[in-house]
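Trainee: Structure for this input, please:
(chains A and B)
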Amino acid sequence: MEDKILSILSGIRPEFDFARSADFVEDGMLDSFDIAALVVELDETYAISIDGVDIVPENFASLGAIKNLLVKNGAQP
Amino acid sequence: MNFKFSGRKISGILTVVPANEVPFEAEIGNYSVSPAKSMKLKLAMGYNKHRIVAGDVCVSDLCVFGMEHLFAKGLLKKDEIDALVLVTQSPDHFMPATSNIIQGRLGLKQDTLCLDICQGCAGYEIGLLESFLLLGQESIGKVVLLNADVLSRKVSRRDRNSFPLIGDGAAITVLERGDAGSEIHANLKMDGARADALIIPAGGFRCPSTPETGAMVEDENGNFRAKDHLVMQGDAVFNFVQVEVPPMIEALAASAGLTLDAVDYFMFHQPNKFMLHKLADKMNVAYDRMPANIVENFGNASGVTVPLAITFNLGDRLTRERIKICMAGFGVGLTWSSILMDVGPLAFCDMIEYD
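Mentor: Numbers count the residues shown, from 1 in each chain, chains lettered A, B, ... in the order given. Coordinates of the predicted model:
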C-alpha cells in the first residue's frame, strides 16, 4: 500500500521526494489543492470515498497517516 | 433554529447570467503554479469555465435586466409587487439600499417594501425565509426575491484559491400565498465567531480602502491578492461544510417526518464539484440527485448557485411537475441553512443571458 501511495504522491507533485520527508504538509510538499487531487486519486484507486470530515492536513502529513486514513475509510491493505 | 410554513409557494424563477464566458485555460497563466498543476486542479474541483461580468456591470443592472424581461413577457406585473428583497454582498453603493435603486429604475409603486440583506452562500435560503415571513402580512401578496452578486470584481485574478470558481449572476424568484403541496420546513444556523473564514478585509468602515489596502501581496501558496479583495480560508470552509451540513440535512428531514429517499433533488450551493461529491457520498445520495454542474458551467455566484441549479437542471420539468427539493446554502458568515419544500408547477423557470 505504501508503494502505491508514494506513486500517487509523485504523480501529483513529481518535483518532490516524498520518501525523504517526515511531514509533507509542514515541508510545503502538499497544499490544500494537492490534498483534494490526492483524495480523488485515492478514492478511485481503492474504490472508497474518504469521509469529508477526515480531509484535514494532519491526515495527509505522512505515509503512515495516509495509510491509516485509507484503512479507516475501508481500503484493503 | 427551525421554521415551518404553509400556504406559501414559489411561483416562478428566472436566472440571469452574464454572456461573457471565460474558459479556465485562458486564465491559468495568471496563477503562480505550473499549467500541469492547474489542469489537475481543474479535474479535482470541476473548474471549466465561468460567467463573469465585463466592465463595470453592477447588481442592479443584472436585476433590472431580468425584471424587465419578465414584464415584457407578461410573466410579472409591476403593480402586483409588494416587496423587493435583495440578497447581495456586492451592492451598487454603501447607501442607499440597492433594492431601492432597483425599485426606482423599474418605476415600481411607492407601496413597495425594499430590503437589502447582506448574505452570500446561504443567501437563497435566507431570502426565501424572509420572503415567506413577509407573506404572513395581509398587505403583502407577492414578494420578488432577488439574489445577485458581481463578486468577480472583488476577487484577485491572480488568486487560484478563489478566482477560478467565482461567477457573477442574478436570480429572480417570485413568491406568493397559495398551495405549495406539503408544508415547508427550514432550518438555519450562524456562527459569527468564524467570520474571518470568508471576508473582504478592507473597503468598509473598519478598514477603509487606501492605496495600501490596494497593494498586491503574495501569500504562502503563491497567490497574489490585496486587502481590498475577497480572501477565503479554503481548508477551514471545506471542513466546516463537511462537519455541519450532513447533520443539518438529517435534522431537516426528521423535522419534516421524511427520510432522504423521499427527496427528489438536493439543490445545494456549489463552491466546487469535489465538495459536493463528498457531501453526496456522506449522505448516501446519488450524484444525479445532487447536481454539481454549476461551477463547471457558470462559476459560483454565491446565493445564485441554488436557483441556477434549479433553472439549469429542472427548467422545463418544473413548468409541468411538482418536485420535492431540498435546498441548502453554506458559507460566508459563517451561515448554513436548508429548506425542504415542494416546488412547481411554476409559471416560469428559465435562464437568460445579460449582454
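Trainee: So in chain B, which strand runs the longest?
Mentor: Counting residues, the longest strand found in chain B (DSSP state E) is strand B:8-18.
Trainee: right, and the helix or strand after it?
Mentor: Counting by DSSP states H and E, the element after strand B:8-18 in chain order, helix or strand, is strand B:21-23.
Trainee: Which strands and helices lie in contact with that following strand?
Mentor: On a contact count with 3 or more CB pairs under 8 Å, 6 or more residues apart in numbering or on different chains; DSSP states H and E, strand B:21-23 meets strand B:49-51. Quick note: C-beta positions are derived from backbone N, CA and C, even for glycine.
Trainee: Could you find the closest non-adjacent residue to B:I101?
Mentor: In this structure, B:I101 finds its nearest non-sequential neighbour in B:S60, 5.0 Å apart by CB to CB, 6 or more residues apart in numbering or on different chains.
Trainee: Neighbours of that neighbour, how many?
Mentor: Counted with other CB atoms under 10 Å in any protein chain shown, the neighbours of B:S60 add up to 26.
Trainee: where does it sit relative to B:L106, distance-wise?
Mentor: Distance, B:S60 to B:L106, using CB to CB, to the nearest Å: 10 Å.
Trainee: What helix or strand is the residue of the stretch 151-300 of chain B found nearest chain A located in?
Mentor: Closest approach between the stretch 151-300 of chain B and chain A, counting by CB to the nearest CB: B:Q242, at 3.2 Å. Element membership for B:Q242, per DSSP H and E: helix B:234-255.
Trainee: Give me the helices and strands touching the helix or strand following that helix, please.
Mentor: Later in the chain than helix B:234-255, the nearest helix or strand by DSSP H and E is strand B:265-268. The contact analysis (3+ CB pairs under 8 Å, 6+ apart) places strand B:265-268 against helix B:273-283, helix B:305-318, strand B:323-331.
Trainee: and the most centrally placed residue in chain B, what is it in contact with?
Mentor: When CA atoms, centre = their mean is applied to chain B, the residue found nearest the centroid is B:G303 (1.3 Å). Neighbour list for B:G303: B:87-88, B:119-124, B:126-127, B:147, B:149, B:171, B:269, B:329 [criterion: CB atoms under 8 Å, 6 or more residues apart in numbering or on different chains].
Trainee: which among those residues are in contact with chain A?
Mentor: Restricting the contacts of B:G303 to those touching chain A (CB under 8 Å from any CB of the partner chain) yields no residues.
Trainee: if we can go back for a sec, of the helices and strands packed on strand B:265-268, which stretch is the most buried?
Mentor: Most buried of those, by mean neighbour count (mean count of other CB atoms under 10 Å in any protein chain shown): strand B:323-331, with a mean of 24.
Trainee: who does that one pair up with?
Mentor: Counting by DSSP bridges, the strands paired with strand B:323-331 are strand B:265-268 (parallel), strand B:335-343 (antiparallel).
Trainee: Show me the one of those strands that comes nearest B:V155.
Mentor: Among the strands paired with strand B:323-331, the nearest to B:V155 by CB to CB is strand B:335-343 (19.5 Å).
Trainee: Follow the chain on from that closest one and name the next helix or strand.
Mentor: Counting by DSSP H and E, what follows strand B:335-343 is strand B:348-354.
Trainee: So which elements touch that following strand?
Mentor: strand B:8-18, helix B:59-72, helix B:305-318.
Trainee: any chance of those in CSV, with mean pLDDT too?
Mentor: Shown next, in CSV, are those (pLDDT from 0 to 100):
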stretch, mean pLDDT
strand B:8-18, 97
helix B:59-72, 98
helix B:305-318, 98
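Trainee: Can you name the residues of the stretch 151-300 of chain B sitting close to chain A?
Mentor: Near chain A, when you scan the stretch 151-300 of chain B using CB under 8 Å from any CB, you find B:160, B:221, B:234-235, B:238-239, B:241-243, B:274-275, B:278-279, B:281-282.
Trainee: Remind me what the helix-or-strand element of chain B with minimal mean pLDDT packs against, helices and strands.
Mentor: Ranking every helix and strand in chain B by mean pLDDT, DSSP states H and E puts helix B:35-45 at the bottom, with a mean of 83. Where contact means 3+ CB pairs under 8 Å, 6+ apart, helix B:35-45 is packed against helix A:32-46, helix B:273-283.
Trainee: Pretty sure B:K278 sits against A:I55.
Mentor: Yes. Counting by CB atoms under 8 Å, B:K278 touches A:I55, with 7.2 Å between them.
Trainee: Can you work out which residues contact both of those two?
Mentor: Common neighbours of B:K278 and A:I55, using CB under 8 Å, 6+ apart, are B:Q242.
Trainee: between the helices and strands packed on helix B:35-45, which gets nearest to B:C114?
Mentor: Comparing the helices and strands packed on helix B:35-45 by CB to CB, helix B:273-283 comes nearest, at 33.6 Å.
Trainee: Looking at chain A, which residue is nearest chain B?
Mentor: Distances between chain A and chain B by CB to the nearest CB are smallest at A:G52, namely 3.2 Å.
Trainee: neighbours around the closest residue to B:Q233 other than its chain neighbours, how many?
Mentor: Using CB to CB, 6+ apart and skipping residues adjacent in sequence, the residue nearest B:Q233 is B:A197, 4.8 Å away. For B:A197, the count of nearby residues is 20 (other CB under 10 Å).
Trainee: cool, and B:N284?
Mentor: Using other CB under 10 Å, B:N284 has 10 other residues around it.
Trainee: Close to chain B: what parts of chain A are there?
Mentor: Near chain B, when you scan chain A using CB under 8 Å from any CB, you find A:12, A:31-33, A:36-37, A:39-40, A:49, A:51-53, A:55-57.
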